[in-house]
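> Mind looking at a prediction? Sequence and model below.
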Amino acid sequence: MSSENHSTYSSEKSSLALLGDRTPRRGTTKVKYHGDSDWDFYLDSNNEPIDLSLIMPHYRARHQPVDHRMSMYAGSESEPIKLKVCRTISRSRFYLEVQGSMSDVTIWLPSDFKGHIHHTGKAVFSAGFVNRIMRNVRLNEPARNPNEDEVVVVTQGQVILKMWDVTTCSPENCTKEGLKRIFGCSKRAPETGIDWDCLLRD
């Protein structure tokens, strides 16, 4: 599925929106293929905080096209949005769109992420993201390859991008990645500082 099928500024609803009240705002949820909908996962939080781990499928569903990208949407007007995209196989490509008028958005992307990230405003990148993902990312460039991952974040709040480690199936170890950043990694994040506060929080 190409990102052209989704408008990054539209409030267009899909058939999944009817299930919005039953979609959890916190915890873990599995993303499943929905061939009759614009979105495989859809959550409009009605201005409630979102803190979800999105578990990507490790198999191709029946009738799912081979080249289909799992498409996910999450939105909130002003409450924080936290999303972890968890996958165990890189063949499960995805398109993630996050709409938050004033919301602070934090997204953990899989360490094998490869593709495009479009965001409004200035983003902050964690040490793990810079160490493991940044080299495979094109920031705010036109998307040309529907076979790659794609993330679109539209908000006036803060955007924080972190890493979800596919080898440990868990969020990045901030201390470990921070030390790697200090002593071994020379790749610099574009025009941004790194969130070193994670070293204090551990």
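Arrived safely, thanks for sending.
> which secondary structure element contains residue 98?
strand 94-100 (DSSP states H and E).
> what's near enough to touch the residue lying closest to residue 112 once chain neighbours are set aside?
Excluding the flanking residues, the one nearest residue 112 by C-beta to C-beta, 6 or more residues apart in numbering is residue 90, at 4.5 Å. C-betas here are computed from N, CA, C, even on glycine. Residues counted as contacts of residue 90 (C-beta atoms under 8 Å, 6 or more residues apart in numbering) are 110, 112, 114, 166.
> same question, residue 60
Counting by C-beta under 8 Å, 6+ apart, residue 60 touches 33, 66.
> and the gap between it and residue 70?
10 Å (C-beta to C-beta, to the nearest Å).
> One more: residue 168?
22 Å.
> of those two, who's got more company?
Taking neighbours as other C-beta atoms under 10 Å, residue 168 and residue 70 compare with residue 70 leading, 25 against 10.
> The closest residue to the more buried one other than its chain neighbours: how many residues sit nearby?
Sequence neighbours aside, residue 94 is the residue nearest to residue 70 in space, at 4.5 Å (criterion: C-beta to C-beta, 6+ apart). By the criterion of other C-beta under 10 Å, residue 94 has 25 neighbours.
> Quick check: residue 94 touching residue 149?
Yes. Using C-beta atoms under 8 Å, residue 94 makes contact with residue 149 at a distance of 5.7 Å.
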